[in-house]
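Engineer: One predicted model, sequence on top.
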Amino acid sequence: MTLSNVVFADNDAATSGSVLYQYSGTVDSDFLTLVDNTGNYGALYQVSGSGSLTNSILIGNEGVGIYKSGSTVTNPMTTEYNGYYDNEDGSTGPSSLTGATDLDGEAPQFLDADGGDY
């Protein structure tokens, strides 16, 4: 699956990822904006499979931005040029997925976040 140029805001999930729960396969994503989503394990939850997240913003999500389910993920999602800010429990969960080119703690300059203009 490929996701590109998508905004996910104010989603809610009772368990797992509030935007994406990846159990298998490949998910490649770029230019995503994930804002104020609510779920136990953050916006993106990877159980297995592979993929990438590039040029995306993860801000204000409950839990973490990206959660990798411990040792069950053999090919963890690669991340490049993403920004993480104000996620409840940090940028990533166990076995950090934050890439060397990612920014953590830099506030994005949205035009009008309170008005939903990301």
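Structural biologist: Okay, I see it. Quick caveat, the model's predicted, so the values are computed rather than measured. Residues are numbered from 1 along each chain as shown.

Engineer: distance of Asn11 from Tyr41?
Structural biologist: Between Asn11 and Tyr41 the distance is 13 Å, computed by CB to CB, to the nearest Å. The way it works is simple: take the backbone N, C-alpha and C, and place the C-beta from them, glycine included.

Engineer: Have a look at the two and say which one is more surrounded.
Structural biologist: Tyr41 (23 against 17; other CB atoms under 10 Å).

Engineer: Now that one: closest residue in space that isn't a chain neighbour?
Structural biologist: With sequence-adjacent residues excluded and distances taken as CB to CB, 6 or more residues apart in numbering, Tyr41 is closest to Tyr67, at 4.1 Å.

Engineer: List the buried residues of the strand or helix carrying the one you found.
Structural biologist: Using DSSP states H and E, Tyr67 falls within strand 66-68. By 16 or more other CB atoms under 10 Å, the buried positions in strand 66-68 come out as Ile66, Tyr67, Lys68.

Engineer: is it true that Tyr21 touches Val47?
Structural biologist: Yes - assessed by CB atoms under 8 Å, Tyr21 is found in contact with Val47 at 7.4 Å.

Engineer: Can you get me the centre-to-centre distance for the helix or strand of the chain with the lowest mean pLDDT and its chain?
Structural biologist: Of all helical and strand segments in the chain, the minimum by mean pLDDT, DSSP states H and E falls on strand 66-68, at a mean of 83. On the basis of CA atoms, centre = their mean, to the nearest Å, strand 66-68 is displaced by 7 Å from the centre of the chain it belongs to.
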